[in-house]
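Q: Sequence first, predicted coordinates after that:
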Amino acid sequence: MTHTDKMLREGSLEGKVIVVTGGGSGLGKAMTSYFLELGAKVAITSRKLEKLEAAAKELRDATGGECFAVACDVRDYEQVEHMHKQVIDHFGPIDVLLNSVFYGIKHAARVMQGQGFGSIINTASTAGVRAGLGPHVYTAAKHAVVGLSQSVATELGPHGIRCNVIAPGGTVSGLTARLVTGDHQDLDKASKLIGANNPLRRAGTPEDIANAVLYLASDEASFTNGAVLVVDAAGESIADRNSRFVDMGSQTVQEADRSGV
């Protein structure tokens, strides 16, 4: 059990209804597993119902939790609207939406306003807070997720609804493995390559990102609204970018020696 698990296991997710778009695989599936272990009821969505139902069964069997599969193409306005209705009919009011962005916000806001509570967590990336980490269109899209989320946070806050952003850095997955190695199955090589380029010298895992999302979904984050939580081992901090040109390695020790600490 991780430290974050211990902190949150006291019950702030117990019984909460959470929707995870893309929850049948990869990062979304890892997050769903964590939510279920902490006592949440989770609806997972994707376009292919057969694969989604298989994933839901696997997650139920592994965790003993309540996992509900809902087919939904998040690019389709009416499907997203219907998905929210199905989840409410199955589980009751939605507490948390881990989201694929504009239509999800729109329909979640409608149902959460009627409830008077809710948490919307949108996924961007470090390309949403720094330029030069991907193609222009990708960078623009991720910056848009951040800007939209912060605008929504100010609008929905008075209704008891929080809206925050998770911004993962280099995280090992089939997608990132394909990008850095050419093989979506070579996770070991991808982990080594990704991990070589940040101050902690290891790649991020789906569990690292899930732990950060758990905070934003929990009651412990009840005063956190409009935030962008960057989870990247400081890989894209200004200091780390400077360290590519300036030797940062011994500054802390040298300063401590001079001060007598």
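A: Alright, I've got the coordinates. Numbering: from 1, shown residues only.
Q: which stretch of helix or strand covers Cys163?
A: Assigned by DSSP states H and E, Cys163 belongs to strand 161-168.
Q: Show me what the mean pLDDT comes to for that strand.
A: With pLDDT averaged residue by residue, strand 161-168 scores 96.
Q: now do stretch 124-132
A: Rounded mean pLDDT across stretch 124-132 is 87.
Q: start to end distance for that stretch?
A: End-to-end span of stretch 124-132 (Cα to Cα, to the nearest Å): 15 Å.
Q: got the buried residues for the helix of greatest length in the chain?
A: Of all segments of type helix in the chain, defined using DSSP state H, the longest is helix 136-156. Of the residues in helix 136-156, Thr139, Ala141, Lys142, His143, Val145, Val146, Leu148, Ser149, Gln150, Val152, Ala153, Leu156 count as buried by neighbour count, 16 or more other Cβ atoms under 10 Å. For the C-beta atoms, the positions are set from N, CA and C on the backbone; glycine is no exception.
Q: With stretch 181-189 instead?
A: Across stretch 181-189, burial judged by 16+ other Cβ under 10 Å covers Thr181, Asp186, Leu187.
Q: Reformat those into TSV and put secondary structure and pLDDT next to each item.
A: Below are the buried residues of stretch 181-189 laid out as TSV (DSSP: H, G, I helix; E, B strand; the rest coil; pLDDT from 0 to 100):
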residue	secondary structure	pLDDT
Thr181	helix	88
Asp186	coil	90
Leu187	helix	89
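Q: Need the contact partners of stretch 98-108.
A: By Cβ atoms under 8 Å, 6 or more residues apart in numbering, the residues outside stretch 98-108 that reach it are 18-23, 28, 31, 74-77, 80-81, 83-84, 94, 97, 118, 120-123, 145, 148-149, 152, 163, 213, 217.
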